[in-house]
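Enquirer: Predicted model follows, preceded by the sequence.
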Amino acid sequence: MSVSMKSTSSKVHSKLLEAILALESEHSPQIVLQRVVEFAAELTSAQYGALGIIGAGGGIQEFLTTGITQAERDAIGPLPKGLGLLGALIEDPRPLRLSSISHDPRSVGFPPNHPPMESFLGAPVLADGVALGNIYLTNKQGSDEFTLVDEEILRALAKQAGAAVENARLIESARERQRLLEELREISVAALRETSSADILEIVAASAKKLIECDGVSVTVPGEQSGTLIVAATKGHGEADRKGCVLPMDNSLFDQVVTSGRSALIEDLDNDPRGFKPLVQAPEAVSVIVAPLSARDQVFGTLAAWNLRGSPALNPNDLSVLENLGTQGALGLQYSRSQERLRTHAVLEDRERIARELHDGVIQALFAVGMSLEATTALIDDSRAKDRVSSAVNELDQVIRELRSYIFGLHTELGGASIAEALSTLASEFERNTGVVTVADIDPAAPRMLTGRSEQVVQLAREALSNVRRHARASTCRISLFSDGADLVLEIDDDGRGFDLSVASSGLGIRNMEQRAAKVGGEVEINAVPGGGTLVRVRLGNAAASG
């Protein structure tokens, strides 16, 4: 320490030591820098103090002050741009002491409403050899200018501040890393617990919002139609309006990320042609990060985060967090989808087993009983008894036909076939078993609206046909699947005897249909006229639009 510093009063020396110890105990870089400027002004008797934090472009990114009120700061206006004496310290990070700001040729003056300032003392704050910012002190109280002692005090304080900031940054980085690991673990645990793919994406979005503390997050996956994306999960700004939106990629930033598998950071969304605001749906967004949901060179979608106008721009640290979440989310999604396929396969195998047992055991036993009863009729002389046995044989035949229909339903619903092929096969099977002429009329545009509900549609059609078989006494029947505006509609109509809706009770078949339709967000309508046939309409809605 210099001679001048040694001659400083014990009170100033004690305060400097106190300030250094206080800085060492603080673990927030932001708080460290604010306390630095406050300590500097106090120890040098400066009326005003400021600390300008240098941004990535070399200008002042943030300006911490002491000595003026918030109202005075607001009246001054925007942050300084780092010109004049402020810029001189940025370009040449060495201490600078002046008796008069206005007399220095580098001075560019003050904006309106700025308090008058004359004497000046500045010094850089360095962390690991890199300039974090500069401390600016003005208007030495009790003297016309700052002294060499003041300069030495500021040097010591700035040096200690740089070390304290570096230490605080390391601690904060470790904490952020721990938080990231905890979120990554949550995604992994959710996948191992056989959480659904949709819920995995919700967890990824929530983790991104929590870690980055941004204004909005969205997760997108490829849509049903080529060249589109669906917002599968979203958190933050406009959350309720975005989920389920189907959006074209149109050579956008998101198209680039999906195609290349590489992340992108845009600090100024307004002035970058790659930005695609309809996906973000935040016209006031100022910056955006888009990272791929990718694992093992396979891209499953995108994870995007953004900040609105007035919020800080997202940075490379945020990009790194999003990339880690994107990778872990993709792995969780991949595992979840694999488990869903395995569960589906297990269910289908169990259906096949039950179907075989019904066909090879129950149907053959019933058939044998029917044959035995039919042979018995030749030994019966009483006509009434013979008629009753013949009726029982007919009932057995009907039971066998219905069992065969149910067995057909236990087999794989689609087996790789399209919904049109599955419904046409169902119609042919129904006609073969009942003798009712049955056709399937499928709108080519309708299957695109199913989004995973094909098997439910087939089951709903089968339930309706089962009611036709048991009650309608129809000669013809039609299965229709079409789009009606925004809704997907399944209809089964017959020319049978119909019934009176005002007196008929809702049987088990109708209740089953209503419950099955409700599970996929649909509703069942029945239109029937005694002697005029029955129309069953299931309105399913558009899953692609509703999300």
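Expert: All right, it came through fine.
Enquirer: okay, the residue nearest to Thr327 when sequence neighbours are not counted: pLDDT?
Expert: Excluding the flanking residues, the one nearest Thr327 by Cβ to Cβ, 6 or more residues apart in numbering is Ala295, at 5.9 Å. (C-beta placed from N, C-alpha, C; glycine too.) Looking at Ala295, its pLDDT stands at 81.
Enquirer: Would you agree Ala295 is in contact with Asn324?
Expert: No. Ala295 lies out of contact with Asn324 (Cβ atoms under 8 Å); the separation is 11.8 Å.
Enquirer: ok, Arg478 - contacts?
Expert: Thr438, Val439, Ala440, Asp441, Glu491, Ile492, Asp493, Asp494 (Cβ atoms under 8 Å, 6 or more residues apart in numbering).
Enquirer: and the spatially most central residue of the chain, what helix or strand is that in?
Expert: In the chain, the centroid-proximal residue (Cα atoms, centre = their mean) is Ala233; its distance is 2.8 Å. Take DSSP states H and E as the rule and Ala233 turns out to sit in strand 228-236.
Enquirer: What strands line up against that strand, and which way round?
Expert: Sheet pairing of strand 228-236 (DSSP bridges) gives strand 216-222 (antiparallel), strand 246-248 (antiparallel).
Enquirer: average pLDDT across that strand?
Expert: 84.
Enquirer: just stretch 96-105 next, same as before
Expert: Here the average pLDDT along stretch 96-105 is 86.
Enquirer: returning to that earlier point: quick check: bridge partners of the residue nearest to the centre of the chain?
Expert: Beta-bridge partners, per DSSP bridges, of Ala233: Val219.
Enquirer: who touches it in this structure?
Expert: Ala198, Leu201, Glu202, Val204, Ala205, Ser218, Val219, Lys243.
Enquirer: what's the answer for Leu211, then?
Expert: By Cβ under 8 Å, 6+ apart, Leu211 lies in contact with Glu176, Arg179, Leu180, Glu183, Val321, Leu325.
Enquirer: The closest residue to the second one other than its chain neighbours and Arg177: what is the separation?
Expert: To tie it back to what came earlier, the one meant is Arg179. The shortest distance from Arg179 to any non-neighbouring residue, by Cβ to Cβ, 6+ apart, is to Leu211 (6.0 Å). According to Cβ to Cβ, to the nearest Å, Leu211 stands 11 Å off from Arg177.
Enquirer: Likewise for Ser99?
Expert: Relative to Arg177, and taking Cβ to Cβ, Ser99 is found at 48 Å.
Enquirer: Out of the strands paired with strand 228-236, the one nearest Ile76 is which?
Expert: Of all the strands paired with strand 228-236, strand 216-222 sits nearest to Ile76, with 31.1 Å by Cβ to Cβ.
Enquirer: from the middle of its chain, how far away would the closest one be?
Expert: Distance of strand 216-222 from the chain centroid (Cα atoms, centre = their mean, to the nearest Å) equals 5 Å.
Enquirer: Next: stretch 176-185.
Expert: Using Cα atoms, centre = their mean, the offset of stretch 176-185 from its chain centre is 18 Å.
Enquirer: Likewise for stretch 87-100?
Expert: Centre-to-centre, stretch 87-100 and its host chain are 48 Å apart (Cα atoms, centre = their mean).
Enquirer: cool, and stretch 256-272?
Expert: Relative to its chain's centre, stretch 256-272 lies at 18 Å (Cα atoms, centre = their mean).
Enquirer: Flag every buried residue along it.
Expert: Judged by neighbour count (16 or more other Cβ atoms under 10 Å), stretch 256-272 contains these buried residues: Gln256, Val257, Val258, Ser263, Ala264, Leu265, Ile266, Glu267, Leu269.
Enquirer: Surely the fourth one touches Val321?
Expert: No. In this structure Ser263 lies outside contact range of Val321 using Cβ under 8 Å: 10.9 Å.
Enquirer: Now do the same for the residue in the chain sticking out farthest from the centre: helix, strand or coil?
Expert: Note on the chain: the largest C-alpha distance from the chain mean falls to Asp381, namely 76.6 Å (Cα atoms, centre = their mean). Using DSSP: H, G, I helix; E, B strand; the rest coil, the structure places Asp381 in coil.
Enquirer: on that earlier part again, output the contacts of Arg478 in a markdown table; the columns should cover secondary structure, pLDDT and distance to Thr425.
Expert: Formatted as a markdown table, the contacts of Arg478 follow (DSSP: H, G, I helix; E, B strand; the rest coil; pLDDT from 0 to 100; distance: Cβ to Cβ, whole Å):
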| residue | secondary structure | pLDDT | distance to Thr425 |
| --- | --- | --- | --- |
| Thr438 | strand | 94 | 11 |
| Val439 | strand | 94 | 13 |
| Ala440 | strand | 92 | 9 |
| Asp441 | strand | 92 | 14 |
| Glu491 | strand | 94 | 18 |
| Ile492 | strand | 94 | 15 |
| Asp493 | strand | 94 | 19 |
| Asp494 | strand | 94 | 19 |
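Enquirer: Of those, which is the most crowded?
Expert: The most crowded member of the contacts of Arg478, judged by other Cβ atoms under 10 Å, is Asp494 (26 neighbours).
Enquirer: For that one, which non-adjacent residue is spatially closest?
Expert: Nearest to Asp494 is Ala474, by Cβ to Cβ, 6+ apart, at 3.8 Å.
Enquirer: and the gap between the one you found and Glu431?
Expert: Ala474 is 11 Å from Glu431, by Cβ to Cβ.
Enquirer: same check, this time on Glu186
Expert: 53 Å.
Enquirer: count of residues packed around the residue lying closest to Asp255 once chain neighbours are set aside?
Expert: Take Asp255 and drop its neighbours on the chain: the residue closest to it by Cβ to Cβ, 6+ apart is Met249, 3.9 Å away. The number of residues packed near Met249 is 22, by other Cβ under 10 Å.
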